[in-house]
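let's see this in three dimensions:
(one chain, ligands or ions: 2)
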Amino acid sequence: MRIHVIGCSGSFAGPRGAASGYLLEHEDESGRTWRVLMDLGSGAFGPLQSVIDPADLDAVIVSHLHPDHYLDLTGLEVFWAYHQRDDLPQLPIHAPRPLPERLSAVLGRSGNIPAGVDCEPFDHHVLEDRRRFSIGPFDILVREVLHPVEAYGFRITAGDTVLTYSGDTDTCAALDELAADADLFLCEAGYIEGRDDRFSGVHLTGLRAGQAAVASRARRVVLTHIAAWTDPEVPLAEARSVYDGPLELAAPGAVYELDRADRAA
Ligand SMILES: [Zn+2]
Ligand SMILES: [Zn+2]
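Ligands and ions are numbered 1, 2, ... in the order given. Model (predicted):
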């Protein structure tokens, strides 16, 4: 499995990158490459186009309906609806139930069909806690996590490798289950200790992300969703104080390759 960081800025696009967006790729046994987009927040549709032709996407999964995780789906919808190719199938999108009405509201229309086209560009699927489904070679387990709105984390298996994505969450048992023994734990660390102590049930700090990595015995951790006003070295040091495995910060353009050799190591 290959993971491209499209954007990883927390809560809003930052001066050096877009909000959340990750592209997952994996080749099936016939050699066909499958491409799943995971979140497409503020500003992320631009850099996505520098990594792939979005027309090559097979599906999209959306952790929750905060703008830093879904807003640029409006751009992807325009792209899909009005593309010169007329053989694009509906694009499957797995997201919380209100997504279609949110997109229509942002786009200022009634109904889900863009003007001038015959059908909805997206094929909407509703996420629920403990749902499990497949997209080509990807097996995806969904768990509801702890955030002020309906929000999900994902445990994604492809071949012999496991990626866990926290989405946005504070500490919760579902997160530890999702990340159990994961090859790569892409974990948000939107808060830092002290400054953000007045909030609970919203984001992890670097310390709490590290504690989740320890509890789940994740093999490798990438911290993400750090906002522009936070020195990323702070949450990194917090996580390092409790987790002694491979640990780094996500960065726009980073690519992670997970393979069986990692698993055996
Ligand atoms: Zn967020
Ligand atoms: Zn959020």
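
okay, now the residue in the stretch 1-150 of the chain that ligand 1 sits nearest to: neighbour count?
Residue of the stretch 1-150 of the chain nearest ligand 1, by CB to the ion: residue 68 (4.3 Å). No exception for glycine: its C-beta is placed from N, CA and C like everyone else's. Counted with other CB atoms under 10 Å, the neighbours of residue 68 add up to 26.

can you verify my assumption that it contacts residue 62?
No: using CB atoms under 8 Å, residue 68 makes no contact with residue 62, being 11.6 Å away.

for the longest helix along the chain, C-alpha coordinates in CSV please.
In the chain, with assignment by DSSP state H, the single longest helix is helix 206-216. Extracted in CSV, the C-alpha atoms of helix 206-216 (Å, rounded to 0.1, in the frame of the first residue of the first chain):
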residue,chain,number,x,y,z
GLY,A,206,0.8,14.9,20.9
LEU,A,207,1.0,13.1,24.2
ARG,A,208,-2.4,11.5,23.8
ALA,A,209,-1.5,10.4,20.3
GLY,A,210,1.6,8.8,21.7
GLN,A,211,-0.4,7.1,24.4
ALA,A,212,-2.8,5.7,21.7
ALA,A,213,0.2,4.4,19.8
VAL,A,214,1.5,2.7,22.9
ALA,A,215,-1.9,1.2,23.8
SER,A,216,-2.4,-0.1,20.3
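
before we move on, the earlier item: show me what contacts the residue of the stretch 1-150 of the chain closest to ligand 1?
Counting by CB atoms under 8 Å, 6 or more residues apart in numbering, residue 68 touches 9-13, 19-20, 41-42.

rerun at 7 Å
The contact partners of residue 68, by CB atoms under 7 Å, 6 or more residues apart in numbering, come to 11-12, 19-20, 41-42.
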